[in-house]
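Asker: just the structure for this:
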Amino acid sequence: MALRKVKGTIDRVMDKNLQDLVRGIRNHKDTEPKFIADCIDEIKQELKQDNLAVKANAVSKLNYLQMLGYDISWAAFNVIEVMSSTKFTYKRIGYLAASQSFHEGTDVLMLTTNMIRKDLSSQNMYDAGVALNGLSCFITVDLARDLANDIMTLMTSSRPYLRKKAVLIMYKVFLRFPEALRPAFPRLKEKLEDPDPGAQSAAVNVICELARKNPKNYLSLAPLFFKLMTSSTNNWVLIKIIKLFGALTPLEPRLGKKLIEPLTNLIHSTSAMSLLYECINTVIAVLISISSGIPNHTASIQLCVQKLRILIEDSDQNLKYLGLLAMSRILSTHPKSVQTHKDLILQCLDDKDESIRIRALDLLYGMVSKKNLMEIVKKLMVHMDKAEGSHYRDELLSKIIEICSQSNYQYITNFEWYVSILVELTRMEGTRHGKLIASQMLDVAIRVQAIRHFAVTQMALLLENSQALVSNSQRNGICEVLYAAAWVCGEFAEHLSDPQSTLDCMLRPKITILPGHIQSVYVQNMLKLYGKVIKRAEDEDNEQMLKDVNELLADKLPIFVQSADLEVQERACCILQVAKYVGKLHEKGVKMGEELEQLYAGDLNPVAIKAQKKVPVPDGLDLDKWINPPPSDSSDDEIQGPSFFAMGKSEHMSMYQYDNDERKPVYEPTEEELTVSRTARKMEQMHNPHYLKDDGKSKRKKNDLLKLDDIPVAEIDLSVPLHIPGSDKYSKLSAYQVADGKNKSRKKGKKKKRRHDGSDSDPDVEVMHAVSTVVDMPEGAHLSDKDDDENDNDLNKKLDMNLDEPLRDDERLPVRTHHVVLNSESPEHEATETNDKPKKKHRVKDKKKERKEKDKKKDKKKSKSSNHEGPSLLLAAEGDDKTGDNGVVNDVTDLSVIENTTAVSKADDIEYWLSESAENTPSPTKANTTLTTTITNNGTDSAYNIVLSTEDDEANQAGEKPRKKKEKKKKDKKEKKKKDKLKRSEYIEADGITTPSKENITLSQQPTPLDVQLPPMSSYILLAENKTLKMTCEVRASNLRGDQIIVSIVFTNQSTNHIKDLEFNVLDTLNTKLIRGMGHSNQDAVKVPFNLLPDSQNEGQFAFSVESINMPQKLRGTMTYILKTDDGSSHEKLDFKLNLPCSSYLVSTPCKSSEYTNFLSGGELSAKSSLQVNPTDSQLSISLAKVCFFLHFRVIEQVDNSASLYSRSIQGHPVCLLVKKTNEQLNIDGKSTDGNLLSNILDDVRNLLTTTTTTMVSS
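Answerer: Numbers count the residues shown, from 1 in each chain. Next up is the predicted model:
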């Protein structure tokens, strides 16, 4: 045995490891295939050994070879052997190889089920972790079905490492086995409140990914996700949740009203650009869905647009692209908000990045109006001349046409200008949009009757100057324009001044270079022009003209008769015969002009896009019926004789051989030789990394033939530009029209504002031409925008299920149980067995009993309330009153439990959460903290304020009956579990964001009783004001920065003029300084990044650095700006004083009752101060609401005429206040760690409560 171990150790030392393999491949660059083939032979020998370490080493080398492109599927069984190792280092190698090489078609996957199940239940969490990692790569339908229960068990593991991985792999399980979604969804929903941030983030990712395709199934989770959004600090989790809300908002418009405030706060506060982008995207989706529900949402749109402008102006190309992308979404609903930034979008056209230029072009599409269409097109035309690269120039050309033709030519007021633009576009070299230009020329000429004369004139000029266009005859090139020119000149030939010269241009020999479909249109319209010329010559009795035109067709048409295109041949032959026949009749003196014109009489309307789909199927026509009987499948009916493609024996002979020639014998290999050569070929293919092998995943389609249209065609640029005279005058026309439109708008005066921000009717621009909207459709068919072809994903259909319904019995996942074997032995034999092994059986029975008891206790636990608070702090300070009747207390506890469960069920209901009543109802957790009841004691009635908890109730029950030590231990464990659950259910509220389901909410946001009416309050105070500008400000503090505060100022333009170049400046003090940009001194002003339109407002934020917060600050400042009037511009300024009281450094922070008690009882709060004040409001609730709203405090507890409040400064100073009302006076006792800070805050409280206004007066 020892010798065998020594031999195995020596073999391992002599074997090549992975480093040797990599080194050898690098050293054998010339003979790499041969070296790798030798290594594979060595690996096969190593896999045959019994030593597991040698096998693991061999599999690790196979992993590397698989990355190089070699097939290792032949070692699948050996990989499973290494996976089953008890050593983690070997197991990890095996699972890595399985994740790289295993797929659905791997035969040995059925052997891994029990092995993976064993690893998932291993005591070593890293064994279970590596099993989950590998399973996610090669999971199949069978594995997902068999292991779903085991993975769900790991979701409740005590180790966050396993919970996170189990939650993530459940997404792969759902994709393979959708039936597991409904049973696993309740447990997945619980993980959204997991105490571990990794597991919580994994649950958010899985649900958001599932909701991406079927969002309506997860609408009921909106309250829970809202709670996560307002409490989480993980930016990536917030991004996922905000994306989900963006998908849920169109399904439930009421949801948008709750989202708009927290999303706006996030936009204000976040510095992460990715989170800012997603917030803006979701705000846009919210405003689209609730555009009719919130009348004043322009401020939110302006905020989004201003933030996006910052992104677009950033030097980072990625941020610039995302800003343009989000701006295009706003453009679809609020075009006027984006049109003010037209200059910035036009600047993006000069960017080096082509993708940014194309995205800017998409934005210009929606910024067009009747007033600025000509200006934008002119700039794009100039930009197209300077552009480099054919792809971008093609995009510019297509965007110009798309901008002009959108909405049935809605913004075009002069179609002569548009036709001249189309003609100018034909000068573009190397374009691939010739067909697009041609279709626009045809469409405008057909639908706008008033423009036909001008269009025909321009098309005739194109035909005269067609030499440069003919030379560029590539597919879909600029030569396609000649198609439209020839058709328009032929169809509307009555508008031609000289149809004979146009006919001469169409009969030039160079036309034969053009593609066949263009030549056929040329030939077809020659007959139309021929008829017009004949009619005009007959009316004028011009015999010479008749003779010339007949000779012209007789001389030039034979060139087209010899064309290689069959269509051109046929049309040329027909027209040539018609011309000869008409010439003979003219010799006899017969006039044929009117008859020729009748051949093409009548107007042609454009055909609708979906007209072919709307053609009804005639009665009696079955499109699925065989026209001819189908061929028989039986071999008896096959036609005997030589095949059309396969040659017979006599057909193999050479055509130069005679029948009497002797044929040489051909060598035919035997079956063994064929087998050997076939095996050698397969081995060569196996070891050849450049040979593409079929892995079984992809299935080739039948008859997958090469399409000739996919072959790229080389572009041939035009060397000679085409110039059309008379097309430059319309660029000057646009300037006159814009100037004229401005003069008209000044005379008309103000108009009423429209409800929709995006309405842009441009009533002062006169439309010169009418566009026909008549299209041809089959009889009985109607034009619709719906597409009849719908392709649904089968997987998304399977995952589309109602997750709120209770589980049926057939939907429950199978649970593994022990196989029961019927025992036929006698009971005496069973008795002997029980006597032989009593200990083992007793242990099993004890374990079963313990499990049953635990299950019963868990059921009891579930029936009790899960949210409880500790004893009342105020009652503890005043002296606790004990109840004398336990029965009454128990009844009250049951009542509180019932109320709490009903309140919780209401809060979880999406309808209740979204309804208006949810805002006027106290939260379920708050409703259960205190309960007032009347208790009869010894015949006297006395009312007590009792705060009940489950812990007190259990303590009373514990005193009734004696307990054993073991039961006490179990009880302690239960209490620990209960506390853990309470900790999990608690969450932290984000600053400035409130939800109706929160436990700790400020008093100003708590529901107001019917008998208490709070006055209207606003946190913005007036900073300064004059006739033109008004400034209101709000100070915002965050506990994330202890040395900085944000002053948010709303600028309101109170005049009818524009205000621009706003600059904000403040005189810094030693303690407080305005944060300016890099390279600016302390005296420089901060430029406000927006202008103010008449009667508009916008908000700007300014950061101040603060050193000490225990003293109030007063800062003097000046706001300078330029007022732009009709007479000119003038510089204005507005002086102000910015007051920063000590209360502005406080942050409304949640605090638990236990923590508040520790603050009061501990020795940290050394500073004490008191205050007596006579408030202007007689009700305590109003006074508390003012203190909480303006001074950023939170009510921890309120009983009768006393309340405890808490807040925290940005530098971590806790501030505790105890407010008591006696008669008409308020006694306020405060504690903190800084005496100066506390006294100044109490001064702020006095000033607030003694003033009659609802705005805060700073000291």
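Asker: residues contacting Asn1098?
Answerer: Counting by C-beta atoms under 8 Å, 6 or more residues apart in numbering, Asn1098 touches 302, 306, 1050-1051, 1090, 1092. No exception for glycine: its C-beta is placed from N, CA and C like everyone else's.
Asker: out of those, which sit inside strands?
Answerer: Of the contacts of Asn1098, the ones assigned to strands by DSSP state E are 1050-1051.
Asker: between which two of the contacts of Asn1098 is the distance greatest?
Answerer: Of all pairs drawn from the contacts of Asn1098, the widest gap by C-beta to C-beta lies between Gln306 and Val1050 and measures 13.0 Å.
Asker: so Met384 versus Val377, what's the distance?
Answerer: In this view, Met384 and Val377 are 10 Å apart by C-beta to C-beta, to the nearest Å.
Asker: returning to that earlier point: which of the contacts of Asn1098 lies closest to Leu529?
Answerer: For the contacts of Asn1098, the nearest to Leu529 is Gln302 (59.3 Å; C-beta to C-beta).
Asker: identify the contacts common to Met384 and Val377.
Answerer: With C-beta under 8 Å, 6+ apart as the test, Met384 and Val377 both reach Ile400.
Asker: just the CA atoms of stretch 1210-1226, as PDB, please.
Answerer: What follows is stretch 1210-1226, C-alpha atoms only, in PDB (Å, rounded to 0.1, in the frame of the first residue of the first chain):
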ATOM      1  CA  ILE A1210     -25.200  66.800   9.600                       C
ATOM      2  CA  GLN A1211     -22.200  66.400  11.900                       C
ATOM      3  CA  GLY A1212     -23.800  63.700  14.000                       C
ATOM      4  CA  HIS A1213     -25.100  65.800  17.000                       C
ATOM      5  CA  PRO A1214     -28.300  64.100  18.300                       C
ATOM      6  CA  VAL A1215     -31.000  66.500  19.500                       C
ATOM      7  CA  CYS A1216     -33.900  65.200  21.800                       C
ATOM      8  CA  LEU A1217     -36.900  67.400  22.700                       C
ATOM      9  CA  LEU A1218     -39.700  66.700  25.200                       C
ATOM     10  CA  VAL A1219     -42.700  68.900  24.600                       C
ATOM     11  CA  LYS A1220     -45.500  69.200  27.200                       C
ATOM     12  CA  LYS A1221     -48.500  71.400  27.100                       C
ATOM     13  CA  THR A1222     -49.900  72.800  30.300                       C
ATOM     14  CA  ASN A1223     -52.900  75.100  29.900                       C
ATOM     15  CA  GLU A1224     -51.900  77.500  27.000                       C
ATOM     16  CA  GLN A1225     -48.200  77.200  27.500                       C
ATOM     17  CA  LEU A1226     -45.600  74.800  26.000                       C
END
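Asker: so which bits of that stretch are buried?
Answerer: Neighbour counts over stretch 1210-1226 (16 or more other C-beta atoms under 10 Å) mark 1210-1211, 1213-1219, 1221, 1226 as buried.
Asker: and if you look at stretch 495-511?
Answerer: Neighbour-count burial for stretch 495-511 [16+ other C-beta under 10 Å]: 495-496, 499-500, 502-507, 511.
Asker: low pLDDT regions in the stretch 201-350 of the chain?
Answerer: 289-296 (pLDDT under 70).
Asker: ok, now with 50
Answerer: Scanning the stretch 201-350 of the chain for pLDDT under 50 picks out the ranges 292-293.
Asker: at which residues are the helices of it located?
Answerer: Here the stretch 201-350 of the chain has its helices, by DSSP state H, counting those that start in this stretch, at 222-229, 235-248, 253-269, 273-289, 298-313, 317-333, 335-339, 342-348.
Asker: and Gln612, its phi and psi?
Answerer: The phi and psi values for Gln612, taken as degrees, to the nearest 10, are phi -60, psi -40.
Asker: same check, this time on Leu1138
Answerer: Torsion angles, degrees, to the nearest 10, at Leu1138: phi -100, psi 110.
Asker: could you number the chain from 19 rather than 1 from now on?
Answerer: Okay, residue one is now 19; in that scheme the one you just asked about reads as Leu1156.
Asker: how about it: what's its closest non-neighbour residue?
Answerer: Leu1133 (4.4 Å; C-beta to C-beta, 6 or more residues apart in numbering).
Asker: quick check: the one you found is in a strand.
Answerer: Yes. Checked against DSSP: H, G, I helix; E, B strand; the rest coil, Leu1133 lies within a strand.
Asker: which helix or strand lies directly C-terminal to the helix or strand Arg41 falls within?
Answerer: Using DSSP states H and E, Arg41 maps to helix 36-45. Sequence order places helix 50-65 as the next helix or strand after helix 36-45, per DSSP H and E.
Asker: what's the angle between that following helix and helix 36-45?
Answerer: Interaxial angle, helix 50-65 versus helix 36-45 (axes from the mean of the first three to the mean of the last three C-alpha atoms, to 10 degrees): 160 degrees.
Asker: buried residues, helix 50-65. List them.
Answerer: For helix 50-65, burial by neighbour count (16+ other C-beta under 10 Å) applies to 53-55, 57-58, 61, 64-65.
Asker: same check, this time on stretch 318-330
Answerer: 318-327, 329-330.
Asker: how many neighbours does Glu605 have?
Answerer: The number of residues packed near Glu605 is 11, by other C-beta atoms under 10 Å.
Asker: show me where the stretch 669-818 of the chain dips below the pLDDT cut-off.
Answerer: Counting by pLDDT under 50, the stretch 669-818 of the chain contains low-confidence ranges at 669-682, 714-726, 732-745, 749-757, 759-779, 803-810.
Asker: apologies, that question was intended for the stretch 969-1118 of the chain.
Answerer: 969-984, 999-1030.
Asker: 90 instead?
Answerer: For the stretch 969-1118 of the chain, the stretches with pLDDT under 90 are 969-1040, 1045, 1052-1064, 1066, 1074-1076, 1078-1079, 1085-1089, 1091, 1093-1118.
Asker: am I right that Gly274 is in contact with Thr300?
Answerer: No. Applying C-beta atoms under 8 Å, one finds Gly274 not in contact with Thr300, separated by 9.2 Å.
Asker: what's the overlap in contacts for those two?
Answerer: Counting by C-beta under 8 Å, 6+ apart, the residues touching both Gly274 and Thr300 are Thr267.
Asker: which SS state does Pro1193 fall under?
Answerer: Put simply, Pro1193 is coil when judged by three-state DSSP.
Asker: closest to Ser102 out of the buried residues of helix 50-65?
Answerer: Distance ranking of the buried residues of helix 50-65 against Ser102, using C-beta to C-beta, places Leu65 first at 14.4 Å.
Asker: need the contact list for the closest one.
Answerer: Residues near Leu65 by C-beta under 8 Å, 6+ apart: 73, 76-77, 93, 96.
Asker: if any of those are buried, give me the PyMOL selection for them.
Answerer: Remark: buried members of these, expressed as a PyMOL selection using 16+ other C-beta under 10 Å:
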select buried, resi 73+76+77+93+96
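Asker: just flag the most distant two among the contacts of Leu65.
Answerer: The widest separation within the contacts of Leu65 (C-beta to C-beta) is 9.6 Å, between Lys73 and Ala93.
Asker: the stretch 369-518 of the chain: helices as residue ranges?
Answerer: According to DSSP H, counting those that start in this stretch, the helices that the stretch 369-518 of the chain contains are 372-384, 391-404, 408-427, 433-443, 452-465, 470-482, 485-489, 498-509, 517-524.
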